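Enquirer: Provided below for reference: sequence and predicted model.
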Amino acid sequence: MGALEKLLNKSDKGNSLFEAEIRNIKIPVCKQFLKGGKISPVDFKPSKDSVSTKDSTKVFASFPNLRETASKVMEGVRGGKTPKLKGKRVAVLFSGGPAAGGHNVVAGLFDMLAASKCTLLGVKAGPKGLINGDLFEINGEDIKRIKNTGGFDYLGSDRTKIKTDEQFAAVKKTCVDNKLDALVVVGGDDSNTNAAVLAEYLYIGVKPDGSGVQVIGVPKTIDGDLQIGKYLPISFGFDTATKIFAEMVGNILQDTPSSRKYWHFIKLMGRAASHVALEVALQTKPAVALISEEVAEKKMALGDIVKQIGETVITRAQNKMNYGVVVVPEGLIEFIPEMNLLIHELNHIVARHEKETADFDLAKKIDFVRSKLSEEHSSLFASLPHYIQEMLLFDRDSHGNLQVSQIPTEKLLIDMVKEYVKEISPETKFSTLNHFFGYEGRCGAPSLFDAAYCYNLGLTAGAAIVNGMTGYIVAFTELEKGGEILAVPLVGLLNIEMRHGKEEMVIEKALVKTDSPAFMYFAVNRARWGEKDLFTSPGPRQLWGPVSNQMPMTVALNQGYGKLGFKI
Ligand code: FBP
């Protein structure tokens, strides 16, 4: 075998030249975590800030053990004298969709726990693995291998919501069988809601001495909708995903005036909120970018959105720009008021008649559902193309969410804009292509921002555990000037929402605020981007070199940092 063949063989299984190299990237550590150059836990003390829940009476009644600590935001400091727990057994699990940087959370957690002689166990395949007791011990060799790599494959993940008495009892059994002292849940809003409930349930009476198991949450999701104002600027994974999407959108934008023939409708993953679409729009400046929250606020109908895009298409064609890019947020359909009401009614009907319709074929199910819908919604439903009707009837996930990533909203818009342009300006040529960027962005190797952010979040989670804390989500702020370590009480973040037709306590999704600096910057500039080609192509995310230390633009604008570079 020749030298090159040998080299190529060496790159099997996660050892491409790139993967081998990124493991060597030095991850910046917040200096609060360092003592004599070595990683060591901070202390936590109550900060001057609190979180408050609007439904406090009802929420606190369900959390008698955690209510005492449900408001105060805790801050990590050096030099305190809180005794640190030692020799504890801690398990970590990933929950929900993957997001870049998860492996660095595990690495940070491992390193912090190792400093207190604690053992870290991995839960395989998410909450389901916790219920089934599928755990293994994590070792330093694995950590070296997974550091700075993308994906959640080291542990696996799933979307099981722990809700039945049997499931809670099974979790308790797993804790007892594995002699666990603490559990770390890496997840989004729904998973961290679950973490709050687990923290309450496991608070006391789990171990033979009657003590409990601590639960700490870590904020993950590419959607960026787990944010808590100044306490939590962003969930991890958002930066990597948006940088990957922005590269792809930028490349397509670069293609449009080169080939001069297509309008590209690009749906971007991000479930409900439009943070991803807004970030990518800021990074690339396309002709049109829709923001669902604005659509809802302005009570726009589907027809209004179609008209807005159609008019841009016609005007650009008149200016010899018979091409362009339309960025569509994944969750748009649920934010169009008339569609939202329809989906709500569908949710009830689907849930109420689940068993009855289980064996129906699609055509029969569509007819059945139409017969149950109110008159107004029945005709709206009937006006939608078959492929949209089908997707609206798709199974909800175990948290009750419609699987919006499966709904081809971008195709629906293309079909409707085509009709509009044909009617208003038949001479306008309108050729289209549709794309959905989602899974491409979730598992790439973390950007430098996510690599650093995640490692430090892992360190924070480890520090919270050895400080004996439970019922907190860890956070990391002041990203432009060294980082500040925080732990925010999960119960204080819970609100009451209607899910599956009944009241449930959940962490509210952070949506794009139309009065936020990031949105306002976009709103002021978007008309220019539509009128002329002012797009930018940010290129691939950089792990080395001058632009590698950029944080998301929306984060820098909304937090008022005044610069894009992060410093941890
Ligand atoms: P999480 O909130 O669990 O991180 O999920 C993020 C996400 O990627 C959404 O953007 C998307 O709608 C969904 O997962 C897709 O789900 P699935 O992985 O089940 O296809």
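Expert: Cool, the structure landed.
Enquirer: count of residues packed around the closest residue in space to residue 202 that isn't next to it in sequence?
Expert: Spatial nearest neighbour of residue 202, chain neighbours left out: residue 213 (4.1 Å); criterion: Cβ to Cβ, 6 or more residues apart in numbering. Yep, even glycine has a C-beta here, placed from its N, CA and C like the rest. Neighbourhood size, residue 213 [other Cβ atoms under 10 Å]: 25.
Enquirer: wait, residue 213 touches residue 201, no?
Expert: No. Counting by Cβ atoms under 8 Å, residue 213 does not reach residue 201; the two are 9.2 Å apart.
Enquirer: strands along the stretch 351-500 of the chain, start to end?
Expert: Here the stretch 351-500 of the chain has its strands, by DSSP state E, counting those that start in this stretch, at 432-437, 472-477, 484-489, 494-499.
Enquirer: so what strands line up beside the last one?
Expert: This points to strand 494-499. Sheet pairing for strand 494-499, assigned by DSSP bridges, gives strand 502-507 (antiparallel).
Enquirer: gap between the partner strand and the chain center?
Expert: How far strand 502-507 lies from its chain's middle: 19 Å, per Cα atoms, centre = their mean, to the nearest Å.
Enquirer: what's in contact with stretch 421-429?
Expert: Residues outside stretch 421-429 that contact it (Cβ atoms under 8 Å, 6 or more residues apart in numbering): 310, 313-314, 317, 322, 430.
Enquirer: could you pick out the residues of the chain near the ligand for me?
Expert: 96-97, 99, 188, 221-223, 269-271, 330, 404-405, 442 (Cβ under 6 Å from any ligand atom).
Enquirer: the residues you listed in strands, which ones?
Expert: Using DSSP state E, no member of those sits in strands.
Enquirer: and the two most separated of the residues you listed?
Expert: Within the residues of the chain next to the ligand, 99 and 404 form the most distant pair, 17.2 Å apart (Cβ to Cβ).
Enquirer: these two: who's more crowded?
Expert: For residue 99 versus residue 404, the count of surrounding residues by other Cβ under 10 Å is larger for residue 99: 33 against 21.
Enquirer: next up, the contacts around the residue nearest to that one when sequence neighbours are not counted.
Expert: Once flanking residues are discounted, residue 99 sits nearest to residue 237: 2.4 Å by Cβ to Cβ, 6+ apart. Neighbouring residues of residue 237 by Cβ under 8 Å, 6+ apart: 98-102, 220-222, 442, 446, 450.
Enquirer: quick one, phi psi at the residue in the chain that the ligand sits nearest to?
Expert: Across the chain, the shortest distance to the ligand (Cβ to the nearest ligand atom) belongs to residue 96, at 2.5 Å. Taking degrees, to the nearest 10, you get phi 90, psi -160 for the backbone angles of residue 96.
Enquirer: cool, and residue 203?
Expert: Dihedral pair for residue 203: phi -60, psi -40, per degrees, to the nearest 10.
Enquirer: wait, it sits on residue 67?
Expert: No. Under the criterion of Cβ under 8 Å, residue 203 is not in contact with residue 67, lying 11.0 Å apart.
Enquirer: pick out the residue closest to the middle of the chain.
Expert: Centroid-nearest residue in the chain: residue 221, 2.0 Å away (criterion: Cα atoms, centre = their mean).
Enquirer: list phi and psi for the residue lying closest to that residue once chain neighbours are set aside.
Expert: With Cβ to Cβ, 6+ apart as the criterion, residue 221 has its nearest non-adjacent residue at 3.7 Å, and that residue is residue 188. With angles defined as degrees, to the nearest 10, residue 188 sits at phi -90, psi -160.
Enquirer: just give me the neighbour total for residue 188.
Expert: 27.
Enquirer: quick check: mean pLDDT of the lengthiest helix in the chain?
Expert: In the chain, assigned by DSSP state H, the helix with the most residues is helix 238-259. Average pLDDT, helix 238-259: 98.
Enquirer: next, the angle from it to strand 432-437.
Expert: If you take axes from the mean of the first three to the mean of the last three Cα atoms, to 10 degrees, helix 238-259 sits at 160 degrees to strand 432-437.
Enquirer: show me how far helix 238-259 is from its chain's centre.
Expert: The answer for helix 238-259 is 20 Å, by Cα atoms, centre = their mean.
Enquirer: by contact count, what packs against it?
Expert: Helices and strands in packing contact with helix 238-259 are listed as strand 263-268, helix 275-284, strand 324-329, strand 432-437, helix 439-442, helix 448-466; criterion 3 or more Cβ pairs under 8 Å, 6 or more residues apart in numbering; DSSP states H and E.
Enquirer: now residue 228. Nearest residue, chain neighbours left out?
Expert: residue 488 is the one closest to residue 228 (Cβ to Cβ, 6+ apart), at 5.8 Å.
Enquirer: count of neighbours near the one you found?
Expert: When neighbours are counted by other Cβ under 10 Å, residue 488 comes out with 24.
Enquirer: ok, what's across the strand from it?
Expert: Going by DSSP bridges, residue 488 forms beta bridges with residue 473.
Enquirer: that one contacts residue 471, correct?
Expert: No. Under the criterion of Cβ under 8 Å, residue 488 makes no contact with residue 471, lying 10.0 Å away.
Enquirer: show me where the stretch 251-400 of the chain has its helices.
Expert: For the stretch 251-400 of the chain, applying DSSP state H, counting those that start in this stretch gives helices covering 275-284, 292-297, 302-318, 332-335, 337-352, 362-372, 375-383, 386-392.
Enquirer: and for the stretch 101-250 of the chain?
Expert: 102-115, 126-132, 140-146, 165-177, 189-201, 238-259.
Enquirer: which strands and helices sit next to the fourth one?
Expert: This points to helix 165-177. Packing partners of helix 165-177 (3+ Cβ pairs under 8 Å, 6+ apart): helix 126-132, helix 189-201.
Enquirer: what sits against the nearest residue to residue 239 once chain neighbours are set aside?
Expert: Nearest residue to residue 239, sequence neighbours excluded (Cβ to Cβ, 6+ apart): residue 449, at 4.5 Å. When contacts are counted by Cβ under 8 Å, 6+ apart, residue 449 touches 239-240, 549-552, 566.
Enquirer: how far does stretch 468-481 sit from the chain's center?
Expert: For stretch 468-481, the distance to the chain centre is 17 Å (Cα atoms, centre = their mean).
Enquirer: what's the answer for stretch 218-236, then?
Expert: 7 Å.
Enquirer: number the chain from 395, please
Expert: Noted, 395 is the first residue going forward, which turns the last one into stretch 612-630.
Enquirer: quick check: buried residues in it?
Expert: The neighbour-count check on stretch 612-630 (16 or more other Cβ atoms under 10 Å) flags 612-622, 624-630 as buried.
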